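Visitor: need coordinates for the below:
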Amino acid sequence: MNVVLATAPETWLSKMYLPSLGLLYMAKSLETAGFPVSVVDSTIEGYQESQIGALVDAILAKDPAVVGFTGNSHNRFNVMKAVSLIRAKAPGVVTVVGGPHFGLSHVAEDTMRHTTDIDVVCVGEGEFALRDLCLAVQEKRDFSGIPGLLWKDKDRAIVTNKGNRQLPPDDLDLLGMPAWHLIDHSKFHSILEGGFEGTRSIGLKSTRGCPYACSFCCENAAMGRRNVRKRTPALFVDEIEHLMKEYGYNAFDFWDDTFTVMPQHAYAVCDEIIRRKLDIRWYARTTIFQPYRD
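Guide: Presented below is the predicted three-dimensional model:
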């Protein structure tokens, strides 16, 4: 049973374009469960807003049973257009949306009330929820009992399982590395944020979650407020080294919500980079709050 994970064309970009880390983690979870997965990144493949039909044709050419889109707030309408075309051309395909926009609880409910073609919205972190959804499709079951989903039954009535979120384990090492092999790295040539000329960067994460509740940030709405979870520093640096040796990156944007929130973890990552004598640059985000004690 084939699964395609995709992005829709961007309306605008405020930064240089990097691979979707969320999609690649979803892909890794599905591959681990035995599903053939393809990733179609519309931006890096050059699809414009006027070419959503061509994007959909490329997706459907892979004969998917499930198509999942990640969406942000400024390209959400392009996601909806793509899903509507999929529904028109291949009504048997299950359409799923998630990501920074659709994955927020209140947005998920609004999306399902105001759209007719989206079958499922995945709320929050979706590695296990999407895996279980695909297993249900394969076994011809409905999605009852799968936490983290809003879905429409055969009568197009909305059913919600979102009250009990399906979260990845506290031990993020169990998720492994994202499915980096599914994208064409030769098409990505972004410099490191901050204007470091001569760098070729990519984004990755050593932690998930944030203990704070800042009014300007959607982190807790997206993932729910829970303890910060971290990867083993050596395994995180394994990923850095893999991306260096296999794909030629020399700069890394640490997309942790606040990399220094656990100082000992940040120190351990830096010590591991130094111990391996990796000649890289990296960029991270931090906070002025008191350190979080895990």
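
Visitor: my guess is Asn72 contacts Gly99, does it?
Guide: Yes: using CB atoms under 8 Å as the test, Asn72 is close enough to Gly99 to be in contact (6.5 Å). (Each C-beta comes from the backbone N, C-alpha and C, glycine too.)

Visitor: who's more crowded, the two?
Guide: Using other CB atoms under 10 Å as the criterion, Asn72 and Gly99 rank with Gly99 on top: 25 against 16.

Visitor: pull the contacting residues for the closest residue to that one other than its chain neighbours.
Guide: With sequence-adjacent residues excluded and distances taken as CB to CB, 6 or more residues apart in numbering, Gly99 is closest to Thr70, at 3.3 Å. Under the criterion of CB atoms under 8 Å, 6 or more residues apart in numbering, the contact partners of Thr70 comprise Leu5, Ala6, Thr7, Ser20, Gly22, Leu23, Val97, Gly98, Gly99, Pro100.

Visitor: 7 Å instead?
Guide: For Thr70, the contact set (CB atoms under 7 Å, 6 or more residues apart in numbering) comprises Thr7, Ser20, Gly22, Leu23, Gly98, Gly99.

Visitor: and for His265?
Guide: Taking CB under 7 Å, 6+ apart as the definition of contact, the neighbours of His265 are Thr207, Lys230, Pro233.

Visitor: restricted to helices, list those residues.
Guide: The subset of the contacts of His265 located in helices under the criterion DSSP state H comprises Pro233.

Visitor: got the contacts of His265 as JSON lines, with distance to Ile52 and neighbour count columns?
Guide: Supplementary listing: the contacts of His265 in JSON lines, determined by distance: CB to CB, whole Å; neighbours: other CB atoms under 10 Å:
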{"residue": "Thr207", "distance to Ile52": "35", "neighbour count": "23"}
{"residue": "Lys230", "distance to Ile52": "39", "neighbour count": "25"}
{"residue": "Pro233", "distance to Ile52": "42", "neighbour count": "19"}
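
Visitor: save the contacts of His265 as JSON lines, and put in pLDDT and distance to Arg87 too.
Guide: JSON lines is the format used below for the contacts of His265 (pLDDT from 0 to 100; distance: CB to CB, whole Å):
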{"residue": "Thr207", "pLDDT": "93", "distance to Arg87": "38"}
{"residue": "Lys230", "pLDDT": "93", "distance to Arg87": "40"}
{"residue": "Pro233", "pLDDT": "98", "distance to Arg87": "45"}
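
Visitor: which of the contacts of His265 lies closest to Gly46?
Guide: The shortest distance between Gly46 and any of the contacts of His265, using CB to CB, involves Thr207 and amounts to 33.3 Å.

Visitor: partners of the closest one in the sheet?
Guide: Thr207 forms beta bridges with Lys230, as assigned by DSSP bridges.

Visitor: give me phi/psi at the closest residue to Phe196 other than its chain neighbours?
Guide: With sequence-adjacent residues excluded and distances taken as CB to CB, 6+ apart, Phe196 is closest to Arg281, at 5.7 Å. Arg281 has phi and psi values of phi -110, psi 150 when expressed as degrees, to the nearest 10.

Visitor: same question for Pro147.
Guide: phi -60, psi 150.

Visitor: which parts of the stretch 1-150 of the chain are helices?
Guide: Listed from the start of the chain, the stretch 1-150 of the chain has helices (DSSP state H, counting those that start in this stretch) covering 21-32, 52-60, 76-89, 99-102, 105-114, 127-138.

Visitor: repeat that for the stretch 151-294 of the chain.
Guide: Assigned helices in the stretch 151-294 of the chain, in chain order: 219-223, 233-247, 263-275 (criterion: DSSP H, counting those that start in this stretch).

Visitor: what sits up against the second one?
Guide: Defining contact as CB under 7 Å, 6+ apart, one finds that helix 233-247 is touched by 173, 177, 180, 185, 202, 204, 206, 249-250, 252, 265, 268-269, 272-273, 276, 278, 280.

Visitor: hmm, 6 Å instead?
Guide: Under the contact criterion CB atoms under 6 Å, 6 or more residues apart in numbering, helix 233-247 has outside partners Asp173, Met177, His185, Ile202, Ser206, Tyr249, Phe252, Ala268, Val269, Glu272, Ile273.
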